[in-house]
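Asker: here's my sequence, what's the structure:
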Amino acid sequence: MEQPVHPAMKRIVILLSLAVLPAAAQEYKIAVVSMLHAHVSGHLGEMLQNRNARFVGVAENHPQLVARAKRLGVPDNLIFSDWRQMIDQTKPDVVWAFTPSNEHVDVVRYCAPRGIHVMMEKPLAATYRQALEMQALANKYHTLVMTNYGSTWQASNYAVKAAVDAGEIGPVWRLHGIMGHGGPGDPKTSLFVAWLADPVQNGGGALIDFGCYLVNWSLWLKGMPENVYASANHLKPEMYPKVDDNATIVLNYKDGVAILEASWDLPPAERLGNEVYGMKGSIVGGTIQKGVRRAGARRQTSGEPLPVTPLPPERADPVAYIVDRIRHKQPLDGPSALDLNVQVQEVLEAAKISIRTGKAVPLPLK
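Answerer: Numbering: from 1, shown residues only. Just a heads-up that it's a prediction; the model follows:
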C-alpha cells in the first residue's frame, strides 16, 4: 500500500524541482501566440530550454502548424488551440506573437490590460494607426511592447552606432542600405508567404518586410527625416500580384539623405552591408575610413577594421533582453524602443503614400 507523503516532503520536492531551472526561468514565464511566422522555428527551441524564462505554451490550431510545433519539440500538453484561453490559464509574463503583422494589435489589446508584456516579430504593426494604438496601450498599462529584429542582437550594429555617436567620422550626411533576398517563396504553397504577400495582413510586400529593418537602422543612427519619397516595383506580378517585390525609400534630412533599398528580387551577390558616410570618414563593410579624399586622388587609402565588442548576455538575445528590462523595471531602448518603432511605422506609412501619389511626403504625418 502506498504511504501518504507528508506535506513538508512535497514542499521539498517542489523546491528541488525548481532549483534545476535557471533563476530567470523560475521568475518569469513566456508563451507563444501562433506558429504562422517562419521566424518562430529559429526561436522555439531556445525557449523550450527555459534559459531566460519558463516556456508555458504555444497557441495554434492549424493542423500543419500544430505538427510543426510538435516536430520542434513542444509537448502536447503545452499546445493550446485558443491563444486567449492559453494566456488566461498559464498567466505568462511575456507573450511572443508570431502572427501576421496586422494581428499584433489584437495581442496587445488583450495582454496590456492584464499587465502582460508583448514581443512581436518585426515590424511593429501593419499600419501606423495600429502602431499608435499599441503605443497608447503600452503607456496606459505600463507594459513593454517590443519589436524583434534579428539585427538588434548583432554586436557590429552597436559598434557602428558607438563610432557615429563618438563623432569618429564626423556628422553623418549619407546612409545607404540594401537588404533582401530572391523572394520568400510562393504564396500558393506556403502559409507564411500567403500572409506575407497580403497587403492587409503584412501592410505591403518587400517595402515592409525589409524596409522596416532599414528604416529602423536609419532612424536609430540619424533620427527622423523631414520628408519621405518612395517608389516600388512589381517585377514578379505572377508571384506577388497584390504587393510590391522591390522598393526604394529615400529619407530626406536637412543635412543629408538615406537611400534604402528593400527587395525580394536580389540575385546571389557579394554585398558589403550598409554604408555610413560622414563629413570626416565612412564606415563600410566593417571598415572605418577616416579622412577626406584628396581632390584628384584615384585611390582611396585602406581603412581599419571597426572594433566590435561582444554584447553582454542580456543584450544578445530577445528573451534575455526583455526579461532583463522587466526585472530592472527599465524601458526598452536602442532598436527595440517602442517610440522608435512607432516612428518606423510613420515613415513606412509615408512611403506608402508617396508610392501612391508619386510625391515626397512631409513628416510628421497629419
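Asker: what helices or strands is the helix or strand containing Q345 leaning on?
Answerer: Applying DSSP states H and E as the criterion places Q345 in helix 338-357. If contacts are counted by 3 or more Cβ pairs under 8 Å, 6 or more residues apart in numbering; DSSP states H and E, helix 338-357 sits against helix 128-141, strand 145-148, helix 206-209, helix 211-222, strand 227-233, strand 246-253, strand 361-362. Every residue, glycine included, has its C-beta placed from N, CA and C.
Asker: same list, these, but as TSV with distance to D324 please.
Answerer: Shown next, in TSV, are the helices and strands packed on helix 338-357 (distance: least, Cβ to Cβ, whole Å):
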stretch	distance to D324
helix 128-141	18
strand 145-148	12
helix 206-209	28
helix 211-222	20
strand 227-233	34
strand 246-253	31
strand 361-362	37
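Asker: closest to V95 out of the ones you listed?
Answerer: Nearest to V95 among the helices and strands packed on helix 338-357 is strand 145-148; the distance by Cβ to Cβ comes to 10.4 Å.
Asker: keeping just the C-alphas, turn the closest one into CSV.
Answerer: This file holds the C-alpha atoms of strand 145-148, laid out as CSV (Å, rounded to 0.1, in the frame of the first residue of the first chain):
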residue,chain,number,x,y,z
VAL,A,145,5.8,46.2,-26.3
MET,A,146,8.9,45.1,-28.1
THR,A,147,9.6,44.6,-31.8
ASN,A,148,12.2,41.9,-32.6
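Asker: I'd like the numbering to begin with 35 instead of 1 from here.
Answerer: Sure, I'll start counting at 35 from here, so that last one is strand 179-182.
Asker: what strands flank it, and is each parallel or antiparallel?
Answerer: Counting by DSSP bridges, the strands paired with strand 179-182 are strand 151-155 (parallel).
Asker: the strand it pairs with: how far from the chain's middle?
Answerer: 9 Å (Cα atoms, centre = their mean, to the nearest Å).
Asker: stretch 212-224 now?
Answerer: 18 Å.
Asker: quick revisit: tell me which of the helices and strands packed on helix 372-391 sits most buried.
Answerer: Comparing these by mean neighbour count (mean count of other Cβ atoms under 10 Å), helix 240-243 ranks first with a mean of 28.
Asker: quick one: list the elements packing against that one.
Answerer: Helices and strands touching helix 240-243, by 3+ Cβ pairs under 8 Å, 6+ apart, are strand 280-287, strand 290-297, helix 372-391.
Asker: list the buried ones in the last one?
Answerer: Counting neighbours by 16 or more other Cβ atoms under 10 Å, one finds that the buried residues in helix 372-391 are 372, 374-386, 388-389.
Asker: just to revisit the earlier point, out of the helices and strands packed on helix 372-391, which gets nearest to V90?
Answerer: Nearest to V90, of the helices and strands packed on helix 372-391 and by Cβ to Cβ, is strand 179-182 at 18.4 Å.
Asker: if we ignore the residues flanking it in sequence, what's nearest L106?
Answerer: L78 (4.8 Å; Cβ to Cβ, 6 or more residues apart in numbering).
Asker: check contacts around the one you found.
Answerer: 66, 92, 103, 106-108 (Cβ atoms under 8 Å, 6 or more residues apart in numbering).
Asker: how close does it sit to Q123?
Answerer: Between L78 and Q123 the distance, using Cβ to Cβ, to the nearest Å, works out to 19 Å.
Asker: same check on L241?
Answerer: Separation of L241 from Q123 (Cβ to Cβ): 39 Å.
Asker: and if you look at L372?
Answerer: Taking Cβ to Cβ, one finds L372 at 28 Å from Q123.
Asker: swap in M153?
Answerer: Taking Cβ to Cβ, one finds M153 at 20 Å from Q123.
Asker: quick one: which of the helices and strands packed on helix 372-391 is nearest G219?
Answerer: Per Cβ to Cβ, nearest to G219 of these: helix 240-243, 12.1 Å.
Asker: same question for stretch 116-130, mean pLDDT?
Answerer: Averaged across stretch 116-130, pLDDT comes to 98.
Asker: can you list the residues that contact it?
Answerer: 62-68, 77, 81, 87, 90-93, 95, 114, 141, 144-145, 148, 150-154, 182, 353, 356-357, 360.
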